[in-house]
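Asker: This is the structure alone, sequence omitted:
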């Protein structure tokens, strides 16, 4: 069974590879380490670190040494984090040290969520129905953004040969909570956030039009909805079946419904291109949420093209987790890898028994493994909670 924990390279540098490997294997009972190989900005409280309790990573950088020969003709190119030069290539240390550490290596890879690259390449980010840029999200319809994501994973797999690559954000992202210091005085509800997230950049408009989709009608419809939500004194629900009904919640608006049905195409095909270009020695899996369709993910289609998925069920109760995993298994099929992502944060997890019950619910429902979030962000004593959860499913 795949038993892993998401980890940052600075966690390994702060703790030391020998210590972190021993804690993974012995204290937590894990057999895999999932290290971030490309990541975004943030501010992290680091309880495990002996030297930096608050950490601000560089925005939109990669934590490995890019192979320049693969990037020479690419418009959008990665920036190696200064951390790699200053403190060492932890991905190389992990992959070369597998025989000693006893840990498989998975690369937690952020694909299109990149504000630094979005600011540098505004013609290749998602844009709402008014044409306003979402600088944090490179668009999966953009040829240059697609080439970036494909080459990123090709570079990692060809030059480091990890056991697995976990794709985060190879899709359309939401509007809320994706940037920094966001201001919203309207009080957006879930459907408002979704409408503001729909992309009508030139790349999407062209790609959809070529597929025969009434994209301009869809854009006008969404622009009207956005204008209306901005004029209300308080938020109102326009689509009572959203999100449970999926895209059918918008069935009374045929142009928009057709656009939403098409919207999974650039995401599905991008994941297929990533898999095709990757070294076959590395499994390629998608990190996703319960309602992946909101970001343009079609699990059944994706399952035919890559090696599986990890479904994040961070704050869910066991029964709900079981439902998500059963639905995911039905979509992916029996032969594909299906993992669950569980967070070890307080107060959503208050004791070891809660985490164990969630892990057991996932495995009983058909999960092949568990990824726990996140090594460097939790106190050391919660590794004992992880060990109890592993014991419950082993």
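Answerer: Happy to help now that I have it. It should be emphasised that the depicted structure is a prediction, and the values quoted were computed from it without experimental measurement. Residues are numbered from 1 along each chain as shown.
Asker: what ranges do the strands span in this structure?
Answerer: 2-7, 32-39, 44-45, 54-55, 61-62, 104-110, 125-127, 133-138, 164-168, 283-288, 308-312, 337-343, 369-373 (DSSP state E).
Asker: CSV for those strands, including mean neighbour count?
Answerer: C-beta: built from backbone N, CA, C; applies to glycine. As requested, the strands of the chain are exported to CSV (neighbours: other Cβ atoms under 10 Å):
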stretch, mean neighbour count
strand 2-7, 25
strand 32-39, 25
strand 44-45, 14
strand 54-55, 14
strand 61-62, 22
strand 104-110, 25
strand 125-127, 24
strand 133-138, 24
strand 164-168, 25
strand 283-288, 24
strand 308-312, 25
strand 337-343, 24
strand 369-373, 24
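Asker: In JSON lines, list those along with distance to residue 199 and mean pLDDT.
Answerer: Below are those laid out as JSON lines (distance: least, Cβ to Cβ, whole Å; pLDDT from 0 to 100):
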{"stretch": "strand 2-7", "distance to residue 199": "28", "mean pLDDT": "98"}
{"stretch": "strand 32-39", "distance to residue 199": "21", "mean pLDDT": "98"}
{"stretch": "strand 44-45", "distance to residue 199": "29", "mean pLDDT": "96"}
{"stretch": "strand 54-55", "distance to residue 199": "32", "mean pLDDT": "94"}
{"stretch": "strand 61-62", "distance to residue 199": "24", "mean pLDDT": "98"}
{"stretch": "strand 104-110", "distance to residue 199": "18", "mean pLDDT": "98"}
{"stretch": "strand 125-127", "distance to residue 199": "4", "mean pLDDT": "98"}
{"stretch": "strand 133-138", "distance to residue 199": "8", "mean pLDDT": "97"}
{"stretch": "strand 164-168", "distance to residue 199": "18", "mean pLDDT": "98"}
{"stretch": "strand 283-288", "distance to residue 199": "18", "mean pLDDT": "98"}
{"stretch": "strand 308-312", "distance to residue 199": "22", "mean pLDDT": "98"}
{"stretch": "strand 337-343", "distance to residue 199": "25", "mean pLDDT": "98"}
{"stretch": "strand 369-373", "distance to residue 199": "28", "mean pLDDT": "98"}
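Asker: So for residue 91, which of these sits nearest?
Answerer: Shortest distance between residue 91 and the strands of the chain, using Cβ to Cβ, is found for strand 32-39: 5.9 Å.
Asker: Now tell me what touches that closest one from outside.
Answerer: 2-9, 12, 20-21, 24, 57, 60-64, 78, 90-91, 94, 101, 103-111, 114, 152, 156, 163-164, 166, 369, 371 (Cβ atoms under 8 Å, 6 or more residues apart in numbering).
Asker: Quick test: name the residue nearest the centre of the protein.
Answerer: The residue lying closest to the centre of the chain (Cα atoms, centre = their mean) is residue 168, at 2.5 Å.
Asker: and it, what is it in contact with?
Answerer: By Cβ under 8 Å, 6+ apart, the neighbours of residue 168 are 108-111, 113, 287.
Asker: The stretch 51-200 of the chain: helices as residue ranges?
Answerer: 68-71, 82-87, 90-96, 98-101, 115-120, 143-160, 190-197 (DSSP state H, counting those that start in this stretch).
Asker: For those helices, give me TSV that also has distance to residue 178 and mean neighbour count.
Answerer: Shown next, in TSV, are these (distance: least, Cβ to Cβ, whole Å; neighbours: other Cβ atoms under 10 Å):
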stretch	distance to residue 178	mean neighbour count
helix 68-71	26	12
helix 82-87	23	13
helix 90-96	26	20
helix 98-101	34	13
helix 115-120	9	19
helix 143-160	16	22
helix 190-197	9	21
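Asker: Looking at those, which is nearest to residue 317?
Answerer: helix 190-197 (19.6 Å).
Asker: can you list the residues that contact that closest one?
Answerer: 126, 128-129, 134, 172-176, 186, 188, 222, 225-226, 229, 235, 237-239, 242-243, 249, 294.
Asker: and if you look at stretch 124-131?
Answerer: Counting by Cβ under 8 Å, 6+ apart, residues outside stretch 124-131 touching it are 75-76, 118, 133-139, 142, 144-145, 172-173, 175, 195-201, 203-204, 219-220, 222-223, 226.
Asker: For residue 258, find the nearest of the strands of the chain.
Answerer: Across the strands of the chain, residue 258 has its closest neighbour in strand 125-127 (19.0 Å, Cβ to Cβ).
Asker: can you tell which of the strands of the chain is closest to residue 266?
Answerer: For residue 266, the closest of those is strand 125-127, at 10.7 Å, according to Cβ to Cβ.
Asker: Sheet-wise, list the partners of the closest one with their directions.
Answerer: Paired strands of strand 125-127, with direction, are strand 133-138 (antiparallel) (DSSP bridges).
Asker: Tell me what angle the strand it pairs with forms with helix 143-160.
Answerer: Angle of strand 133-138 versus helix 143-160, following axes from the mean of the first three to the mean of the last three Cα atoms, to 10 degrees, is 30 degrees.
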